[in-house]
Each structure stands twice: as structure tokens, then as C-alpha cells.
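S.K.: Sequence first, predicted coordinates after that:
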Amino acid sequence: MATFMSLAEAVSSNLFDGDTAAFEGFTHLIPHAAAHEAIRQGRRDLTLVRMTPDIVYDQMIGMGMARKLVFSYAGNPGVGLLRRLRDAVENGWPHPVEIEEHSHAAMANAYEAGAAGLPCAVFRGYKGASLARVNPNIRSVTCPFTGEELAAVPSIRPDVTFIHAQKANRRGDVLIEGIIGIQKEAVLAARRAVVTVEEVVEDFAGVHPNACVLPHWTVKAIAVVPGGAHPSYAHGYYARDNRSYLEWDAIAADREAFTAWMKQNVLDKDADVFAGRVAALRAAR
């Protein structure tokens, strides 16, 4: 059942060293505030899972939080590679990171299998692809009914999933509007789910029929963090901060610049910084 608490409390009571953790969001509603709080709390030895790791995972990896990354496509969207991830894989800085790469289809099916309580996902995929040569968790099974050879991957069952959403009502139901991505399945697959939201409302009036509502019993903790998705966007609340993504490439390219930026903008800040950044974005529009 969902409990409202501060972001610091939500992270400290649900994310532990050694956990498998998913910080999910697709294009928008990426839970940057939750990830930054995890960085401030110094979590270590995590297996980080995400369909499309971008700069927030670059930051977590660069801060030495990750032991392993399970993912499909990693990059700074619209800009290029993730330099802290690359440095960890190629040079072991700040320490080596194991990688398990999949296709988008495999990750989506693996989350769905996890949400259904299944041990693996079976789907049509990887035909003609070579990822199975470097990822032993990509296997094949034969359909007992048709004889067709199908791809199989382990289900994803995070210890904890973090997402950002637009609204929660006072009972703890959560509303996601706009691009849904894999957030619903990531929450349902997890043993614990933490949601940061822009605001709390009495009810979800005027909701678009394509919206997603997560019932309160699927969520462990809710923290109200306006601007918690910045620099990604929150549909209906604020736009994507494209400048931040462009600037990140140069920041992440240098270890000293990265370390200084993280100290100034994450370690020495708290969740209120997100609200300030979003206020500035809104004023500039």
C-alpha cells in the first residue's frame, strides 16, 4: 500500500546496497530526482536495469554505484554516447561494470514476464542478430505446439523500481499521462516500487483515455517532487531541457569536470533544486 513520505525516506527505506534497481522512464518522466537522492545516499553494488539508459545512469555509473548494467541501447539521446559508462567498461573507472545488452523487444518482454510472475519471456526476436554471441542470457526454445524456434530471456524482477509520474491522489493511486513506455510493467514486476510525482490531487478529473493509472496497492512509497524528471520532460508540466543534454557530453568527457559537476549539482543539493530548475524553465518559455 502506498505511503507518502519524503524522497530521502523513500530511497533509504527501499533501496539497499546490492539491489537490482530499475529507474524507468521513456523519453519523459525519467526519475532524475530519485536517482540523485540514491547517489547522495551512497548506494553501491547495484545492478541497474533500464530499457534506454541515458545521462542519469551515466551519472550513477560514474559515481561508482553500479556493479552491472542490464539494458537495451545506452546513449545521450540526440547527442551521442555515454562517456562515464564507456570509461567504466573500457578503463574500469571508477571501477569495472559488467554489461548485459538486449534489444528493446527483449527488455519489454522481460519486464512483462516479471510482472506476470513468469521465470522467462518467450518472443519472436534476435533473428539474424549476433547479441546472443556475447550475452549468454539470450537463448532459444522450441514451441511445443508449432515447432517454431523462439527467443527466450530471463524475466526482469527488480528489487525496487523508481518512476516519476504527473499525479497521485490522496489514496495513493498514480496517474501517468503521455508516453507510457515500460513504467507500468516495471512497477508491477518489482518487489518494491517508489514513485515521485509532480503533485497530489483529490481525483483524476479529465484524464485522457490513453493514460495509465497504477493502483495504490502496486506502490510502496510516493514522494512529491515537483520537477523530479528534469532535465527530461513531464507531459503537461514542463518541456525537455535540451541544453542540459548537450552540455552533459562535455561535462562527462572529463573525469575531473564530471566529479566537480556532481558535487555542485547533486551531492551538495537536495530535491528542492528540481523545483527551482523547473520554475526557471517555465519562466523561459
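M.R.: Happy to help now that I have it.
S.K.: can you give me the strands in this structure?
M.R.: Listed in chain order, the strands of the chain (DSSP state E) span residues 3-4, 20-23, 46-50, 66-71, 98-101, 120-123, 139-142, 149-154, 160-169, 174-176, 192-201, 212-214, 221-224.
S.K.: Send me the fifth one as CSV with only the CA atoms.
M.R.: Spelled out, that is strand 98-101. In CSV, the C-alpha atoms belonging to strand 98-101 read as follows (Å, rounded to 0.1, in the frame of the first residue of the first chain):
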residue,chain,number,x,y,z
GLU,A,98,29.5,-5.8,-16.2
ILE,A,99,27.1,-5.2,-19.1
GLU,A,100,24.2,-7.4,-20.3
GLU,A,101,22.8,-6.0,-23.5
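S.K.: For it, name the packing helices and strands.
M.R.: Packed against strand 98-101, as judged by 3 or more CB pairs under 8 Å, 6 or more residues apart in numbering; DSSP states H and E, are the following elements: strand 66-71. Heads up, the C-betas are built off the backbone N, CA and C, glycines and all.
S.K.: Tell me who's in contact with Ala88.
M.R.: Counting by CB atoms under 8 Å, 6 or more residues apart in numbering, Ala88 makes contact with 61-62, 66, 94-97.
S.K.: Write the PyMOL selection for whichever of the residues you listed are buried.
M.R.: The PyMOL command for the buried members of these (criterion: 16 or more other CB atoms under 10 Å) is given here:
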select buried, resi 61+62+66+94+97
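S.K.: Just send the contacts of Ala88 back as TSV, with pLDDT and distance to Asp45 too.
M.R.: Supplementary listing: those in TSV, determined by pLDDT from 0 to 100; distance: CB to CB, whole Å:
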residue	pLDDT	distance to Asp45
Ile61	98	13
Gly62	98	15
Ala66	98	8
Pro94	97	13
His95	96	10
Pro96	97	12
Val97	98	11
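S.K.: Format the contacts of Ala88 as CSV; extra columns: distance to Tyr237.
M.R.: Compiled in CSV, these are given as follows (distance: CB to CB, whole Å):
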residue, distance to Tyr237
Ile61, 28
Gly62, 28
Ala66, 29
Pro94, 34
His95, 37
Pro96, 38
Val97, 33
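S.K.: Out of the contacts of Ala88, which two sit at the greatest distance?
M.R.: For these, the maximum inter-member distance is 13.2 Å, found between Gly62 and Pro96 (CB to CB).
S.K.: Among the contacts of Ala88, which ones are in helices?
M.R.: Residues of the contacts of Ala88 located in helices (DSSP state H): 61-62.
S.K.: ok, back up a step: quick one: the strands of the chain as TSV, columns for distance to Ile30 too.
M.R.: As requested, the strands of the chain are exported to TSV (distance: least, CB to CB, whole Å):
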stretch	distance to Ile30
strand 3-4	22
strand 20-23	8
strand 46-50	9
strand 66-71	14
strand 98-101	20
strand 120-123	24
strand 139-142	31
strand 149-154	24
strand 160-169	7
strand 174-176	13
strand 192-201	11
strand 212-214	16
strand 221-224	15
